[in-house]
Structure formats: C-alpha cells, structure tokens
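1. Predicted model, plus sequence, below.
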Amino acid sequence: MAQQQNDGDGFSREERASMRARAAELKAEAKRAKNAEKAAAEAAEVASKIEAMPDEDRRMAERVHRIVAEEAPGLAPKLYYGQPGYARDGKVIVFFRSGQMDKLRYSTFGVSPHAELDEASGFWPTSWALIAPTETAWRALADVVRRVSSGS
C-alpha cells in the first residue's frame with residue numbers, strides 16, 4: 001500500500017485535494033440551484049406581465065411567447081425595460097412591447113444588438129410594429145426568432 005504524504009496538519013495532500021474538489025462541487029451545485037431559482041422567478045415575472053396586459057396585446061404577447069418557446073427554446077424569459085424579453089446568457093435577444101401599456105398606436109416586436117442579425121448592406125430592421133398581425137406576419141416573426149436562435 002502506498003503511503004500518503006502528510007504535511008503536518010493531519011491531512012495528506014491527496015485528502016486536501018479531495019476536500020477542495022468537493023467544496024468546488026458543492027459551490028457549483030449551490031450556484032446551479034440559485035440560477036434555476038432566478039430563471040423560474042424571471043419566467044414568472046414575464047408571465048405576470050403578459051397576464052396584466054390589455055386583451056389585444058396580451059393575445060399578441062402570448063403568441064410571441066409561444067413562438068419563442070417553439071423556435072428558440074434556448075432563450076429564457078426575462079423582463080426587458082418592464083416588458084417581456086427573451087435572453088441568451090443573460091442578455092435579451094428579442095422582446096415584445098405592449099403598445100397599449102406604452103400608450104402607443106401599435107405594439108412592437110424587436111431584436112436587441114445582441115441578436116446580431118446584421119445585414120451585409122449595413123441596413124436592417126431591429127423592430128416591427130404589430131397591429132392585428134396576419135398569419136403571414138406571424139410566420140415572418142417566427143423566421144426572425146429562428147434566425148436569432150441559429151445565430152445567422
């Protein structure tokens with residue numbers, strides 16, 4: 001049997017290395033739990049914000065929410081300036097703004113600079129107005145979400 005080296009504190013180098021590894025594991029587990037709790041709280045905040053919207057905007061926000069969940073499941077719900085947003089690595093990529101809550105004529109679906117949907121021409125849209133969108137409009141919105149999700 002190999003003898004373990006003891007540095008005088010009662011623990012061998014191997015035992016101290018094992019304790020450090022275990023401490024790191026516990027810290028990582030606690031961080032994952034904290035992140036999961038934070039993600040759940042952010043999702044609940046977005047759901048609550050959508051629920052509080054006037055009927056027409058609520059229906060559009062719910063549709064945007066479903067589209068994002070289907071087309072970009074890696075994006076996490078997160079409030080963005082008090083409105084529903086969807087983030088990757090903590091940075092909001094796409095968002096919905098209620099026109100009625102903002103006292104505007106239309107609601108808005110938009111992408112943040114983190115979406116990186118840059119066009120070669122140097123000119124591209126970053127937001128779209130929504131007033132009673134048609135199925136064609138919803139398909140176009142889903143296409144933007146897919147492009148954001150795929151990174152292209």
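-> On my side now, so go ahead. Residues are numbered from 1 along each chain as shown.
2. for the chain, which helix is longest?
-> The helix that spans the most residues within the chain, counting by DSSP state H, is helix 13-51.
3. List of residues touching the next helix or strand after it?
-> The C-terminal neighbour of helix 13-51 among helices and strands, as given by DSSP states H and E, is helix 55-71. Around helix 55-71, the neighbours that count as contacts under C-beta atoms under 8 Å, 6 or more residues apart in numbering are 46, 50-51, 53, 75, 77, 84, 86, 94, 96, 98-101, 107, 109, 130, 132-133, 138, 141-142, 145-146, 149. C-beta coordinates here come from the backbone N, C-alpha and C atoms, glycine included.
4. Of those, select the buried ones using a PyMOL command.
-> This is the PyMOL syntax for the buried subset of those, where burial follows 16 or more other C-beta atoms under 10 Å:
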select buried, resi 46+50+53+75+77+84+86+94+96+98+99+101+107+109+130+133+138+141+142+145+149
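5. follow-up on the earlier one: helices or strands up against the longest helix of the chain?
-> Other helices and strands packing on helix 13-51, by 3 or more C-beta pairs under 8 Å, 6 or more residues apart in numbering; DSSP states H and E, are helix 55-71, strand 76-80, strand 83-88.
6. Give me the buried positions along the longest one.
-> When burial is assessed from 16+ other C-beta under 10 Å, helix 55-71 yields the following buried residues: 57-58, 60-65, 67-68, 71.
7. which one of those residues sits closest to residue 30?
-> The shortest separation between residue 30 and any of the buried residues of helix 55-71 is 29.2 Å, and it belongs to residue 68 (by C-beta to C-beta).
8. Would you mind measuring from the nearest residue to the closest one once chain neighbours are set aside to residue 55?
-> Counting by C-beta to C-beta, 6 or more residues apart in numbering, residue 68 lies nearest to residue 86, which is 4.8 Å off, once chain neighbours are set aside. Distance from residue 86 to residue 55, counting by C-beta to C-beta, to the nearest Å: 22 Å.
9. And residue 39, by the same measure?
-> When C-beta to C-beta is applied, the distance between residue 39 and residue 55 equals 28 Å.
10. where does residue 115 fall, phi/psi-wise?
-> Backbone torsions of residue 115, given as degrees, to the nearest 10, read phi -70, psi -30.
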